[in-house]
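[1] Using only what follows, build the 3D model:
(2 chains)
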Amino acid sequence: MNAVELKDISKAFGGILANDGIDLTVKEGEIHCILGENGAGKTTLMKILFGLYSKDSGRILIKGQEVEIKEPRQAINLGIGMIHQHFMLVNRLTVAENIIAGDEPLKGIFIDQERANSEVEKLSQRYNLKVNPAARIENISVGEQQRVEILKALYRNAEILILDEPTAVLTPQETEELFQVMRKLKRNGKTIIFITHKLKETMTISDRVTILRDGRKVGTVTTSETSPEELARMMVGREVVLRVDKKARKLDRPIFEVRGLSLHNKKSNLYLKDISFTIEKGEILGVAGVEGNGQLELEEALTALRKIEQGQIILKGRDITGLRTRERRDFGLAHIPSDRLKRGLIEEFNLERNLILGSEWQEPFARRGFLVKRAIQAYAKRIIKEFDIRTSGSQAKAADLSGGNQQKVILGRELMRDPDLIIASQPTRGVDVGAIEYIHNLLLEMRDRGKGILLISAELDELRSLSDRIMVIYEGTIVAEGKTEDFTEEELGLLMAGQGLEGVG
Amino acid sequence: MRSIIGLLTKVKNRSTITELLYSLTAIVIALIIGAILIYFSGHDVWKAYYNLFYGAFGNSYNLAQTLLKTTPLIFTGLAVAIGFQSGLFNIGGEGQLYWGAFATAVVAITFSHLPGLILILLSLLAGAVAGGIWGSIPGYLKARTGAHEVITTIMLNYIGILATTFLLKNYFKEAGPVDQTRMIPESARMSELIPYTRLTWAIFLAVTVIIIIDYLFKNTSLGYDIQAVGKNRDAAEYAGIRADGIIILTMALSGAVAGLTGSTIVLGVLHRFITNFSPGYGFTGIAVAVLGRNKPWGVLLAALLFGALEAGGMSMQLFAKIPSDLMTIVQGLVILFVAAPAFIQLLSKSLRGADQSE
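    Numbering: from 1, shown residues only, chains lettered A, B, ... in the order given. Model prediction:
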């Protein structure tokens, strides 16, 4: 029996086809992955199924019955539940209140709190989804919030669960827990649709995989009969090398040193405490950690975008603690910011202007404060060519580029300046597989050319394959540091979650 | 939904020429509605519009009146447009132009012994500096304390207008019933282009300032920094641009241009500083900047339109006996129709935000 059949679904946004005649069949009781790069149309397709978008054409069958789903309520009544990438929870309310919201057990005109709690408790035990019904959402972890979202769907008797990139916000341990929950749900007869762009997770959890590319369906394969390489090829449309070759390196002299850096971020009440590390020439130091544990503060402190309270920053033997952002950049610091659109680009500027951001007063782009258009244009064209930026031309606005190409603009701008130290924060976030491969190789090339690199990333695979050494940051403190090969993935996961290890570091 | 978004995208992606066409359409629609109003208030539409057009462009005197009314609006419109380039909404043009006028008058009277051209340039400079200082205050408050410039510039308008009046009454008032300074010396007056029109070469100064500002934004590093801060302050700071300094500087520049409004009125038209001399040029400048889409050359065209409506409106009142208030309504309608796409843009942005495919 098929839980869901989508037939020839099409949907366009402003002339761009997000879904182009997509067929999808999900069997009852299976875990079905929808795999594709950013912008492949995965979320669009699922939002159509959940009634958040209206389709332009095509048919939807739920358990063999043709249905029209115009709004989420209809989807919920049909037994469909969707867990979004960004949680839809009310922070000030409790776990139980969030779960029952919209469908509350009543006692007269009041909510029957006791029954609410006990029902949530019952559900939570049945599927082994550990939550505290009385806790407020704002006080619980991201992993627990996700479990609340799942319970919310189950409370509404969902038989078909759609999970949109659920692991993006989780630690490896939390991801493993989620997978166990998913298996349990499957044993209970639930059907699960799992949206992802990660090959490894697809291979681990799914029964079958449907691959989307550029809004079209590439194919559906049975997981046990495929390989990551085949999936990557289907996803990108060409051969992709999944592993990077990292050459061995010899010890070299330090190029960058941080001593006892401390600060307090009043907004998030996070303290960076006594951060010290050294990076050698030609070395990649990875910073592992769950997002929000001080990575952003560290990145901003090193680039003088945030004031520090204590500590010293030394680049090429010179104390740069007192230098401003511009001076540090001019002295050889390159910065690939974690938030590309917020910090890295000016979306309304064209590529020419974006590529000289930070160099707009310098020769040859400017002479005595007057921009030299010809030099800027030639430079932009060179970077576009050298970094393979796909664009209609150097006059195109940055906003019109895909995520991967925007990232290449930033990389091109930062690396062409021939820096000595590169702070690369989340360099492959929201970037498609093909561009990830390119960016990884580029960073390794920079390493081999003797640059020091501080790689801050939430992707453990990325950290493990690129870094020479890794340090783990937890609640603003470096809790472990060592050679990459000294850590297993599990150990890193535990350290990131704040559980110390004996004998590592 | 798809077609709506498609349409919105089209509206949003207009090039300069289609933008111009769009503005022209808005003007035509506004004039048509104006015609309907004239008709229903019992007047002759043809006669009204003939007099409007003739009054604005019909002969050299009328054209001069149009340009005379255009000049201050170029300055104030440009002042607002400059602020917009770094994301600042300068509503303080009125206060800034009062300081400009006051400083110009005081300098022209005080240094009356200087030769003509030097005296004029010095007086203009004094006006620009005074307006610039007044403009930089909200800039400083914004940069250092985060105080929103919309609030502070509005407040500073009152302070500016009243402070200049206070200084005038106590220190510079000419004896007599009117609160005004002495006349500035003949040598400090800008010469008329056409006799008895009061149109002076201030209009050329205005166009020159347009050219300079346009060049600043398109071709200089400073203009680049101002726009970078305006379009994405976080990214500007990431690149080491000192946003605080840029904000203060931009407001000073904006205030200086607004100050020149007052200077040119004193040197070219009134020949003295009088209290309450401005009929709200600073505020009309906001409308001019919106209509001109915050681009220097757009400001010029928009100011010209407003100047023409004003000059023509007066002749319409005189000869067709139709209240010139009607032209104020037409001005309002033009703004409404031109500002509508800005509203459409906003709408399309929020729609696209909700409709992100991934």
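
[2] give me phi/psi at the residue of chain A found nearest chain B?
    Residue of chain A nearest chain B, by CB to the nearest CB: A:Arg326 (2.7 Å). For every residue, glycine as well, the C-beta is placed using N, CA and C. Here is the backbone geometry of A:Arg326 (degrees, to the nearest 10): phi -60, psi -40.

[3] Could you report the neighbour count for the nearest residue to it once chain neighbours are set aside?
    Using CB to CB, 6 or more residues apart in numbering or on different chains and skipping the chain neighbours, the partner closest in space to A:Arg326 is B:Gly240 (2.7 Å). Using other CB atoms under 10 Å in any protein chain shown, B:Gly240 is surrounded by 22 other residues.

[4] My guess is B:Gly240 contacts A:Ser359. True?
    No: taking contacts as CB atoms under 8 Å, B:Gly240 lies outside contact range of A:Ser359: 9.8 Å.

[5] Check which helix or strand the residue of the stretch 101-250 of chain B found nearest chain A maps to.
    Residue nearest to chain A within the stretch 101-250 of chain B: B:Gly240 (2.7 Å; CB to the nearest CB). When secondary structure is defined by DSSP states H and E, B:Gly240 falls outside every helix and strand.

[6] How much space separates it from B:Ala175?
    57 Å (CB to CB, to the nearest Å).

[7] mind listing the helices for the stretch 301-450 of chain A?
    For the stretch 301-450 of chain A, the helices defined by DSSP state H, counting those that start in this stretch occupy A:325-330, A:351-355, A:373-386, A:403-415, A:433-448.

[8] just those: most buried one?
    Most buried of the helices of the stretch 301-450 of chain A by mean neighbour count (mean count of other CB atoms under 10 Å in any protein chain shown) is helix A:351-355; its value is a mean of 26.

[9] residue ranges with poor pLDDT in the chain?
    No chain was given, so I picked chain A. For chain A, the stretches with pLDDT under 70 are A:241-242, A:500-505.

[10] Actually, chain B is the one I wanted.
    Ranges of chain B meeting pLDDT under 70: B:1-16, B:18, B:339-358.

[11] Helices of that one, start to end?
    Counting by DSSP state H, chain B has helices at residues B:2-12, B:16-40, B:45-57, B:60-85, B:93-110, B:116-145, B:149-167, B:202-219, B:221-231, B:233-238, B:243-265, B:281-291, B:296-320, B:325-354.

[12] Flag every residue of the stretch 1-150 of chain A that's near chain B.
    Proximity of the stretch 1-150 of chain A to chain B (CB under 8 Å from any CB of the partner chain) is limited to residues A:12-16, A:18, A:38-44, A:53-54, A:56.

[13] so which of those residues is the most crowded?
    A:Lys42 (29 neighbours).

[14] Check which element follows the helix or strand containing A:Ala153 along the chain.
    According to DSSP H and E, A:Ala153 maps onto helix A:142-155. Per DSSP H and E, the first helix or strand lying C-terminal to helix A:142-155 is strand A:160-164.

[15] hey, C-alpha coordinates of the next helix or strand after that following strand in PDB?
    Using DSSP H and E, the helix or strand that directly follows strand A:160-164 along the chain is helix A:172-187. Extracted in PDB, the C-alpha atoms of helix A:172-187 (Å, rounded to 0.1, in the frame of the first residue of the first chain):
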ATOM      1  CA  PRO A 172      26.000  13.700  16.400                       C
ATOM      2  CA  GLN A 173      24.600  12.100  19.500                       C
ATOM      3  CA  GLU A 174      21.300  13.900  19.200                       C
ATOM      4  CA  THR A 175      21.200  12.800  15.500                       C
ATOM      5  CA  GLU A 176      21.700   9.200  16.600                       C
ATOM      6  CA  GLU A 177      18.900   9.600  19.100                       C
ATOM      7  CA  LEU A 178      16.600  11.000  16.500                       C
ATOM      8  CA  PHE A 179      17.400   8.100  14.200                       C
ATOM      9  CA  GLN A 180      16.400   5.700  17.000                       C
ATOM     10  CA  VAL A 181      13.100   7.500  17.400                       C
ATOM     11  CA  MET A 182      12.500   7.300  13.700                       C
ATOM     12  CA  ARG A 183      13.100   3.500  13.700                       C
ATOM     13  CA  LYS A 184      10.700   3.200  16.600                       C
ATOM     14  CA  LEU A 185       8.100   5.200  14.800                       C
ATOM     15  CA  LYS A 186       8.600   3.000  11.800                       C
ATOM     16  CA  ARG A 187       8.100  -0.200  13.900                       C
END
